[in-house]
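Student: what's the 3D shape of this:
(4 chains)
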There are 2 protein chains.
Amino acid sequence: MKRTSIKDIARIAGVSVATVSYVLNKKEGSRISESTKEKILEIAETINYTPNKMAKSLKTNKSKLIGLILADISNDFYSTIARNIENAAMKLGYTLLIGSSDENPQKFKKLIDLFSEQQVDGMIIAPVVDSDEAVEKLIKEEYPVVTIDRYLKNVEIPGIVINNTEISEQIGQFLVEKKFDEIVYIGYDTELPHLQDREEGFNQCISSSGVHSIKILVGLENIEGEVHQGIDKVLKNNTKNKALYFSSNKLALAGLAYLIKNKINVPEDISVIAFDETEAYNLFQTEISYVRQPLQKMAEEAVKILDGQINNYIPNGKKVTFNAELIHKSSVK
Amino acid sequence: MKRTSIKDIARIAGVSVATVSYVLNKKEGSRISESTKEKILEIAETINYTPNKMAKSLKTNKSKLIGLILADISNDFYSTIARNIENAAMKLGYTLLIGSSDENPQKFKKLIDLFSEQQVDGMIIAPVVDSDEAVEKLIKEEYPVVTIDRYLKNVEIPGIVINNTEISEQIGQFLVEKKFDEIVYIGYDTELPHLQDREEGFNQCISSSGVHSIKILVGLENIEGEVHQGIDKVLKNNTKNKALYFSSNKLALAGLAYLIKNKINVPEDISVIAFDETEAYNLFQTEISYVRQPLQKMAEEAVKILDGQINNYIPNGKKVTFNAELIHKSSVK
DNA sequence: CTGAAAGCGCTTACAG
DNA sequence: CTGAAAGCGCTTACAG
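Tutor: Residues are numbered from 1 along each chain as shown, chains lettered A, B, ... in the order given. Model prediction:
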């Protein structure tokens, strides 16, 4: 695999590499005669010239590469984000490097290092627990970076967030008004701020309502098992009207799978509401009420902000908040 | 964002860049005194040195970048492949560039061009219809490339395939033996060879069996609509025992959503079998019988072959066939 | 044990 | 209208 270079073209055309570079970059400033222009273009075509973006990057200090770090690209939620970011990035001429952190700070840091060594112009990241230091370093180096889905409590960094607390409060309020005897919050036992926000939003409105409520907080190692166990316990007690609020699509998937397997009817036996959208809901016997995040807009904004930082349009980006929306279906009685 | 270079280290340490390079690369050949070695490492640490892989690539002609082109990264099936490839690639020190073709040959070609300009060491691709020319060009340039999921009929190219024809034949055979009065194949109206193989495998065993069978072949523009329409038609006629064979997970998702929405019971009213695994099946009222592809092994092999090509271990890779497996659940009566 | 130098494939002021 | 030259950040034979 021998690649042709600007040099080859120059040699064949009998001109300098500078001339070839000018022609290939269509610079209007220094005009080259039509005849040599044509000749060069033709030669480039016939010898199958592919520009070496790395060499260009080295000189221009712009790679047109963006690094994307998510928790797990095989997760529906993140792959949808990835796809939307891909679209937005491609429109602006960026190519995407992707990596999954698996909620592991070491992996996360490794990806940041890899991406910066690879000279990406910027990164879009979903930071994990204990990644503050790694992200802070990036910020200190003035590396263009924007968060998505998540944020960090102690690091000032531009990013896309949603109204986690408020929407969760809304859900709580909605369930309270429905007069459930027991409202169950299913969430993660985690320090990720955006998830804590969801929990807190829920707490706030529940505690003031006096409705009986419990929480199932699961670890990352055995999500399905703990969700099943938790729901099991809930079902065993004798309260009449119960509602489950799953605070992520992964939890919802685990929970709904358990409900269907055990022939628990929704919403007759128990009501359900879930965070995030997934095509999987369509296979469930009842249409699931869920929280929709405007993922496309969020992705577009993330890329836009990042691009702004890269080109110094925005010297100091702030957080941009999008509003998630509660979509009412029939899974709540 | 000013990045530090080997030069900075050299200047501070009072040595040449060559020496720094040797130390940083831990070359044993030319030994540097322990004292300067330590000094250099220490300086690198304190000035927060990040090696510029692009500059290295330019010199060494190896980027440690792999390009991955799939149909749509937001699709469950492809994102699982992507994740497995990511894991395998990272293990070998590669970073992943990802792009979605959307079954569009122009986009596909665009991605190939982008990736080669970005100097990826090789590509793993799921070629689309009418991409023969673009792929052939790659092959002619001796560009390391391996296909996954799909293959091309008229281009010799190493790749990972599964036994599409045989497994589809098996499914047909299985359904025939179950004595269904009508067996419905739901597939794409497409020229993608691997999908044609599935159709053909089905055809072969059905035609010889004499069982009544019909095919619903849908276009890419309106998958859900056409699947719904097709199933609707099937349900309207009076044959008793019917079975649906969805030849991809996307088709299955569309079909199952329709069945559940219309309260058609599986397998009581109609039996179902589907290609590919997806977590979504877990939300369906009946456990779905499906074809499992060994995606992890396929991804690992793809990366291994590609790595082999990149390093010239394997001068001329062939296709590697994996066997898909029919997982029996309760969706077939 | 260490350095000077060439070169990877580009871009871009500058000179003519 | 075009070219010589410097330089981006590295690596690597070669010389000493």
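
Student: contacting residues for A:F108?
Tutor: A:F108 makes contact with A:I69, A:S101, A:I125, A:P127, A:V128, A:S131, A:A134, according to C-beta atoms under 8 Å, 6 or more residues apart in numbering or on different chains. The way it works is simple: take the backbone N, C-alpha and C, and place the C-beta from them, glycine included.

Student: one more time with 7 Å, if that's ok
Tutor: Residues near A:F108 by C-beta atoms under 7 Å, 6 or more residues apart in numbering or on different chains: A:I69, A:S101, A:V128, A:S131, A:A134.

Student: Any chance of TSV for those residues, columns secondary structure and pLDDT?
Tutor: Output for the contacts of A:F108, formatted as TSV (DSSP: H, G, I helix; E, B strand; the rest coil; pLDDT from 0 to 100):
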residue	secondary structure	pLDDT
A:I69	strand	98
A:S101	coil	98
A:V128	coil	97
A:S131	coil	97
A:A134	helix	95
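
Student: Any chance of the residues you listed in JSON lines with distance to B:I85 as columns?
Tutor: Below are these laid out as JSON lines (distance: C-beta to C-beta, whole Å):
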{"residue": "A:I69", "distance to B:I85": "17"}
{"residue": "A:S101", "distance to B:I85": "17"}
{"residue": "A:V128", "distance to B:I85": "22"}
{"residue": "A:S131", "distance to B:I85": "24"}
{"residue": "A:A134", "distance to B:I85": "25"}
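
Student: neighbours of A:K333, just the number please.
Tutor: As a burial measure, A:K333 scores 16 neighbours (other C-beta atoms under 10 Å in any protein chain shown).

Student: Which part of the stretch 201-333 of chain A gets nearest to DNA strand D, residue-wise?
Tutor: A:I310 (16.8 Å; C-beta to the nearest atom of the strand).

Student: My read is that A:E300 contacts A:A89, right?
Tutor: No. Counting by C-beta atoms under 7 Å, A:E300 stays clear of A:A89, with 9.7 Å between them.

Student: which of the two has more neighbours?
Tutor: Of the pair A:E300 and A:A89, A:A89 is the one with more neighbours under other C-beta under 10 Å, namely 24 against 18.

Student: picking that back up, common neighbours of A:E300 and A:A89, please.
Tutor: Common contacts of A:E300 and A:A89 (C-beta under 7 Å, 6+ apart): none found.

Student: How about residues contacting stretch A:82-101?
Tutor: Stretch A:82-101 has contacts (C-beta under 7 Å, 6+ apart) with A:64-73, A:107-108, A:111, A:115, A:118, A:120, A:124, A:128, A:295-296, A:299-300, A:302-303, A:307, B:72-74, B:83, B:86, B:95-100, B:114, B:118.

Student: quick one on the thing from earlier: who's in contact with the residue of the stretch 201-333 of chain A closest to DNA strand D?
Tutor: Each residue near A:I310 by C-beta under 7 Å, 6+ apart is listed here: A:D121, A:G122, A:P144.

Student: Just give the number of residues close to A:Q204.
Tutor: Using other C-beta under 10 Å, A:Q204 is surrounded by 16 other residues.
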